[in-house]
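Novice: Prediction below, plus the sequence it came from.
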Number of protein chains: 2
Amino acid sequence: MWYRLSAMTVTLSDIAKDLNISAVTVSKVLRNKGRISTRTRNLVLKRAKELDYRPNWVARSLVTRRTFTIGLLLPDFTHPFFADIAKTIAETVRPRGYHVIISYFEEDPSLERSEADSLVARRVDGLIIASSQSPDRLEMFEQMRSRQVPFVLIDRPIEGVRASFVGVDNEAVGRLATKHLIEKGCRKIAHLRGPKIGLATKRWKGYADTLKKSKITVPAWFVVDAGFQDKTGYLAMKKLLESPSRPDGVFCYNDPVAIGATKALLEAGLRVPEDVAVVGAGNVHYSDALAVPLTTIDQKTREIGARAAELLLEQIGAKRAARAEKILVVPEVVVRRSSQR
Amino acid sequence: MWYRLSAMTVTLSDIAKDLNISAVTVSKVLRNKGRISTRTRNLVLKRAKELDYRPNWVARSLVTRRTFTIGLLLPDFTHPFFADIAKTIAETVRPRGYHVIISYFEEDPSLERSEADSLVARRVDGLIIASSQSPDRLEMFEQMRSRQVPFVLIDRPIEGVRASFVGVDNEAVGRLATKHLIEKGCRKIAHLRGPKIGLATKRWKGYADTLKKSKITVPAWFVVDAGFQDKTGYLAMKKLLESPSRPDGVFCYNDPVAIGATKALLEAGLRVPEDVAVVGAGNVHYSDALAVPLTTIDQKTREIGARAAELLLEQIGAKRAARAEKILVVPEVVVRRSSQR
DNA sequence: CAAGAGAAAGTTAACGCTAACCCAAAGGGA
DNA sequence: TCCCTTTGGGTTAGCGTTAACTTTCTCTTG
């Protein structure tokens, strides 16, 4: 069979010519559309198999205007939080025939923009974006809306953009962590807070509100800027330990900060959790293997990914622009040793 | 400007009609090809900007037969090892206009196959695959070769497939780890080995060879099957500690196993590294934050990703099928506390 | 001043597939 | 018998680009 040896890829009309029928008929058989006699159908299927025919999705996409590809734009998919979300998204859309193009922008807003443009040029059917929150994003997303590109924002909301959003309830993260520490008997609860973007401020607010509600007051220096890395968390905790009074519990912006903070505490000769309880946020999957297994607030990455993917598929399928939905996923305390006292 | 409000996407011929020139001329201007007068060029560029024209990559791909997309097929891109590789690949191909479709198969060979087919149907320009090593892969990759789809294997080689491969030198991993332990004064060196696939066997071989070369003999029970997870590593170490003689150094198949093993050692009242030194492999990026910071063998994920991507791009660009290159990246010891004695 | 050589376009025909419509033959009911 | 419906296809015309020619001028140049 010479055609098997040929480098030429097999097309619909190759099959059609072989059988002396029209390409459209072949196409119909292969897509199970229209009325085709059993005889013709079987002939086509047989020949397609013999030739090992594979449809050309590029050509198909050109005419159907669907690529069955969605774009995922993240700050960094190496980060376990985003990697988990990416995986859940891929898992959710795969059964419906979609693939995912993952791109990342390292928190660089201009890269985010060019990547988004590029994905749109590739005619992805939709986008899921954890946006840098740079000021001009509003215009970018409005442009996407006007171009009718379906998209869903995750993790980081953008004020004023009429688009669906899925993320964790960050105030609830702060509330849960703080409430947990109070329940464990802590009264002098500090907070190593993250960078001054909305997200970290919400976690702080949950912390502050919960303290107020429980009529607990703490000195102003109990709230320390601690960045988002283990190193910065380590330094922040050192600074906190130099202050006049010492906390008996610390809620950290995220797990790396908590890990750094724990290190600083242990180095200072303090016991965790006996002297100071520590709670992180994020539930990175190695929390269990740490020096002191870390109590943390799980951000429900699987739920975020699945909901975002479903929302996007819904939008893609809809005739008219669907209304924007904001979904706040409820976080959950995962208790480990760092808060057991 | 009514056309800005219209949902219709702007095409080349929209611009052409507006300016009363041919679509091909517009295409030439936008691609910087052929001879075009400055006047026409400027007119086209101006109009394109006004209309916010974006080329349709699907149409372009259909005629150029290039999608500028490469497929990446991994067992699990949540695993830091693969996530790092994926990132480096994306980083390497991005400057040349490529995007990456990431897919994963959870070690399920049939899923691997269907995903590979699906990526080929989408006409990716090439594939990078960390294959499950199921027996029928040989046929699968031969088929790819005959279909002229450029691809590069990473991490897990397949015997008998004429394709480029990039991975770490696993025997060297075993050699380096063992040599390091010997240098640290260990003489009773055990090995918690991984699953019976080629990869783990090579690490074991590096271990065994190095012991032999140093004329060190160890009892047979010093080599224990330990799976590839922290839990299985924990259990394996417990088993090892029940045996008649105790090791003073352990080379673990990978970092999770090493973490589990360390936990078992500490629970048994032994000190790490004073009583038993531990070396892992993989250099997961939280190794530093562990109970005992872990000495490990870095697998050079960045180098693997970059080399694989370069090899693939070379193949894509080549007229004739390039010859298959096997690249073994040289691993490196990262010394931390778990082996400092 | 005829012939040749560029410069600056335009024409034609794909790429591989599908949407939308059309048509012939066979069957069926009154 | 006539008309209508159903079955099983076929025809046509794109989708938005680009590759490969071809055409039409305008200069040179000997």
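Specialist: Great, that's in hand.
Novice: make it CA atoms for all contacts and neighbour counts henceforth
Specialist: OK.
Novice: give the contact list for whatever residue of the stretch 51-200 of chain A ends up closest to DNA strand C.
Specialist: At 3.7 Å from DNA strand C, residue A:55 is the closest residue in the stretch 51-200 of chain A, using CA to the nearest atom of the strand. By CA atoms under 8 Å, 6 or more residues apart in numbering or on different chains, the contact set of residue A:55 is A:11, A:12, B:121.
Novice: State the helix or strand in which the residue nearest to residue A:85 when sequence neighbours are not counted lies.
Specialist: The shortest distance from residue A:85 to any non-neighbouring residue, by CA to CA, 6 or more residues apart in numbering or on different chains, is to residue A:305 (4.7 Å). In this assignment (DSSP states H and E), residue A:305 forms part of helix A:301-317.
Novice: outside of that helix, which residues touch it?
Specialist: Residues from elsewhere that reach helix A:301-317 (CA under 8 Å, 6+ apart): A:81-82, A:84-89, A:92-93, A:125-128, A:150-154, A:164-168, A:321-322, A:329.
Novice: tell me which residues in that helix are buried?
Specialist: Buried residues in helix A:301-317, counted by 16 or more other CA atoms under 10 Å in any protein chain shown: A:301-309, A:311-313, A:315-316.
Novice: can you check stretch A:287-297 too?
Specialist: Quick answer for stretch A:287-297 (16+ other CA under 10 Å): A:287, A:289, A:290, A:291, A:292, A:293, A:294, A:295, A:296, A:297.
Novice: Could you point out which of the residues you listed is nearest to residue B:160?
Specialist: Using CA to CA, residue A:289 is the member of those that lies nearest residue B:160, at 39.8 Å.
Novice: And the pLDDT for the closest one?
Specialist: In this prediction, residue A:289 carries a pLDDT score of 70.
Novice: how close does the residue nearest the centre of chain A get to residue A:254?
Specialist: Chain A has residue A:85 as the residue nearest its centroid, 3.9 Å off, counting by CA atoms, centre = their mean. Computed as CA to CA, to the nearest Å, the residue A:85 to residue A:254 distance reads 17 Å.
Novice: do residue A:136 as well
Specialist: Noted for residue A:136: a distance of 27 Å to residue A:254, by CA to CA.
Novice: what about the two, which has more around it?
Specialist: Using other CA atoms under 10 Å in any protein chain shown, the more surrounded residue of residue A:136 and residue A:254 is residue A:254, with 27 against 11.
Novice: right, and the more buried one touches residue A:280 too?
Specialist: Yes: in this structure, residue A:254 is within contact of residue A:280 by CA atoms under 8 Å, at 5.0 Å.
Novice: Report the set of residues contacting both of these two.
Specialist: Taking CA under 8 Å, 6+ apart as the criterion, residue A:254 and residue A:280 do not both touch any residue.
Novice: The residue of the stretch 51-200 of chain A closest to DNA strand C: which element?
Specialist: Using DSSP H and E, residue A:55 falls within no helix or strand.
Novice: any idea how far residue B:58 is from it?
Specialist: For residue A:55, the distance to residue B:58 - CA to CA - is 15 Å.
Novice: In chain A, which residue sits closest to chain B?
Specialist: residue A:291 (3.2 Å; CA to the nearest CA).
Novice: ok, back up a step: the residue nearest to the centre of chain A looks like it's in a strand, true?
Specialist: No: Residue A:85: not assigned to a strand; according to DSSP: H, G, I helix; E, B strand; the rest coil it is helix.
Novice: How about the contacts made by it?
Specialist: For residue A:85, the contacting residues are A:301, A:302, A:304, A:305, A:306, by CA under 8 Å, 6+ apart.
Novice: Next: residue A:236.
Specialist: Applying CA under 8 Å, 6+ apart, we find residue A:236 in contact with A:192, A:224, A:225, A:226, A:261.
Novice: what about the last one, how many neighbours?
Specialist: The number of residues packed near residue A:261 is 28, by other CA under 10 Å.
Novice: What residues does chain A have near chain B?
Specialist: By CA under 8 Å from any CA of the partner chain, the part of chain A that sits against chain B consists of A:5, A:7, A:9, A:54-59, A:61-62, A:77-78, A:80, A:83-84, A:87, A:90, A:99-103, A:121-123, A:146-148, A:259-260, A:289-292.
Novice: Give me the subset of the residues you listed lying in strands.
Specialist: Residues of the residues of chain A next to chain B located in strands (DSSP state E): A:99, A:100, A:101, A:102, A:103.
Novice: Tell me the bridge partners for the last one.
Specialist: In this case it means residue A:103. Beta-bridge partners for residue A:103, by DSSP bridges, are residue A:73.
Novice: now it: how far from residue B:86?
Specialist: Applying CA to CA, the value for residue A:103 to residue B:86 is 10 Å.
Novice: Count the neighbours of the closest residue to DNA strand D within the stretch 101-250 of chain A for me.
Specialist: Of all residues in the stretch 101-250 of chain A, residue A:121 sits closest to DNA strand D, at 9.0 Å by CA to the nearest atom of the strand. Counted with other CA under 10 Å, residues neighbouring residue A:121 total 14.
Novice: what sits against it?
Specialist: By CA under 8 Å, 6+ apart, the contact set of residue A:121 is B:54, B:55, B:56, B:57.
Novice: Now with 6 Å, please.
Specialist: B:56, B:57 (CA atoms under 6 Å, 6 or more residues apart in numbering or on different chains).
Novice: In terms of pLDDT, where does it sit?
Specialist: Looking at residue A:121, its pLDDT reads 94.
Novice: One more: residue A:321?
Specialist: pLDDT for residue A:321: 72.
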